[in-house]
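**Student:** Return atomic coordinates for the entry below.
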Amino acid sequence: MSGLPNRGFPLVLAAPSGTGKTTLARALVESSESFEFSVSVTTRPPRPGERDGVDYHFVDEPTFEAMLERGELAEWARVHGRHFYGTPASALEAASSRGRYVVLDIDVQGARQIRSSVPDAILVFLLPPSAEALLKRLVGRGTEDHEEVTRRLLTALEELQGAEEFDYVVVNADLEEALDELRLIVAAEGFRPSRVRGFNEEMEGLRAEIGRALDHSKSHHS
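**Tutor:** Got it, this is the predicted structure:
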């Protein structure tokens, strides 16, 4: 085990809109080379400046549907009834094998899919510092119409009800403190036996050594 990095795992961040999830995810990736963003597959056309394979993997609908049928997507959704978005399972596995932590900035529904398709993933639910702060972001500055505000509030309520399904909860009151807490979670999870490289081999070696020592002790005293 000595000198070998622990096996990485996907880190899912989900939260109600206005909690600062995307800002926190970007700061985490920028803070260390151990973290990287998941590059999603989408059927929407590229926006100016976006690069295929960097910002998204841009595909047409038949290609996306074929990926779905082959079970190649760890999670997926159709946004606003138009374009499809999904996370390739192979990319998550490749990053984990390299000891990297793939950060997924997705909604609660997507997190549930990841829980089912990638059991090794760690799910973190982000909470706002207060109900007042969340409502201020959701309601906005009074420029949104009633239907939009109602939609935001209902969505936030549904997402909050899913918080108990997550592995950890982090309150995003201070960016640096929230980052530190996420790093602690990742560090602790990295010491699980299933994520330590060479763990099984090391245990087999130790058991073999102890077995030989026992045999030697028995023969010496027989």
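
**Student:** Tell me, how many residues neighbour residue 217?
**Tutor:** As a burial measure, residue 217 scores 10 neighbours (other C-beta atoms under 10 Å). Glycine gets a C-beta too; all of them are placed from N, C-alpha and C.

**Student:** Make residue 1 into 16 and carry on from there
**Tutor:** Will do, 16 is the new start, and the previous item becomes residue 232.

**Student:** Can you tell me how far it is from residue 207?
**Tutor:** 33 Å (C-beta to C-beta, to the nearest Å).

**Student:** just residue 106 next, same as before
**Tutor:** When C-beta to C-beta is the yardstick, residue 106 and residue 207 sit 22 Å from each other.

**Student:** the more surrounded of these two?
**Tutor:** With other C-beta under 10 Å as the criterion, residue 106 and residue 207 differ in neighbour count, and residue 106 comes out ahead with 19 against 13.

**Student:** got the contact list for the helix or strand hosting the more buried one?
**Tutor:** With elements taken from DSSP states H and E, the one containing residue 106 is helix 104-112. Contacts made with helix 104-112 from outside it, assessed by C-beta atoms under 8 Å, 6 or more residues apart in numbering, are listed as 22-25, 51, 53-54, 86-89, 116-117, 132-133, 135-136.

**Student:** Just the residues you listed: which are in helices?
**Tutor:** Of the positions in those, residue 132 sit in helices, assigned by DSSP state H.

**Student:** Narrow the contacts of helix 104-112 to just the buried residues.
**Tutor:** 22-25, 51, 53-54, 87-89, 116-117, 133, 135-136 (16 or more other C-beta atoms under 10 Å).

**Student:** Any buried residues in the host helix or strand of residue 163, and which?
**Tutor:** Using DSSP H and E, residue 163 falls within helix 161-176. Of the residues in helix 161-176, those with enough neighbours to count as buried (16+ other C-beta under 10 Å) are 167, 171, 174-175.

**Student:** what ranges of this protein fall below the confidence cut-off?
**Tutor:** Where the chain drops to pLDDT under 70, the residues are 16-20, 156-159, 236-237.

**Student:** how about the longest helix along it: buried residues?
**Tutor:** Ranked by residue count under DSSP H, the longest helix found in the chain is helix 214-236. Within helix 214-236, the residues that qualify as buried by neighbour count (16+ other C-beta under 10 Å) are residue 214.

**Student:** now do stretch 44-59
**Tutor:** Residues of stretch 44-59 classed as buried: 44, 49-58 (neighbour count, 16+ other C-beta under 10 Å).

**Student:** So which other helices or strands are in contact with the longest helix of the chain?
**Tutor:** Helix 214-236 sits against no helix or strand, with contacts defined as 3 or more C-beta pairs under 8 Å, 6 or more residues apart in numbering; DSSP states H and E.
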